[in-house]
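Undergrad: sequence and predicted structure are below.
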Amino acid sequence: MKKKAVIGIGNPLRQDDGIGIILIHKLLKDKHKFPPNIDFIDGGTGGMNLIHTISKYNLIIFIDAVNFNGPNGESRLFEFKEINNKKVSVSNSTHSDNILKVIELSIKLFNKPKKFLFFGIKPFKTNFGNNLSKELYEKVDAIYENLIKELIEVLQ
């Protein structure tokens, strides 16, 4: 059975950049709704400390604040090529450049993950602050429903 992981990353001290952490904790409470071969991981702010973690999986879905062409608060599933081709910018968060380098290094060193996706949420604000913006906070339930729908589709 192939191992799969869903990893939430973000900086909870940068307002909406913490959305990945909030969503992964909601998923941890609902993990019984998914097959047992899926791990749900709080990846913190990402970085090199994740390299050994991600090298264990064939499929990884990262949850993170992502800047893309769409309205603030929208959520979508992206493939790496969309981010790598700069169609989607992950540069407005404090950890995103590092996570792309970590993924590339893991593939070079361990030939894993074989596939990874980003579930991106377009933030309203990424200023210093330890709470989501009011605007994004009001959308968390709808974003979570979309996340569950996308996960069920991808992880089956």
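TA: Looks like it arrived, so ask away.
Undergrad: strand partners (parallel or antiparallel) of the helix or strand hosting I41?
TA: Under the criterion of DSSP states H and E, I41 resides in strand 38-42. Using DSSP bridges, the strands paired with strand 38-42 are strand 4-8 (parallel).
Undergrad: show me how far the strand it pairs with is from its chain's centre.
TA: Distance, stretch centre to chain centre, for strand 4-8: 8 Å (CA atoms, centre = their mean, to the nearest Å).
Undergrad: and what of stretch 141-156?
TA: Distance, centroid of stretch 141-156 to centroid of chain: 12 Å (CA atoms, centre = their mean).
Undergrad: same question, stretch 124-142
TA: So, by CA atoms, centre = their mean, the centroid of stretch 124-142 is 16 Å from its chain's centroid.
Undergrad: one more: stretch 25-44?
TA: Distance of stretch 25-44 from the chain centroid (CA atoms, centre = their mean) equals 13 Å.
Undergrad: ends of that stretch, how far apart?
TA: Criterion CA to CA, to the nearest Å; first-to-last residue distance in stretch 25-44 is 11 Å.
Undergrad: numbering from 47 from now on, please.
TA: Yep, numbering from 47; the last one is stretch 71-90 now.
Undergrad: wait, doesn't K50 sit right on I100?
TA: No. With contact defined as CB atoms under 8 Å, K50 does not reach I100; the gap is 11.5 Å. Quick note: C-beta positions are derived from backbone N, CA and C, even for glycine.
Undergrad: got a list of what P117 touches?
TA: K168 (CB atoms under 8 Å, 6 or more residues apart in numbering).
Undergrad: which ones are touching V52?
TA: V52 makes contact with I70, L73, I84, D85, F86, I87, I106, I107, I109, L197, L201, according to CB under 8 Å, 6+ apart.
Undergrad: N104 now?
TA: K48, K49, K50, K158, P159, K160, K161.
Undergrad: many thanks, we can stop here.
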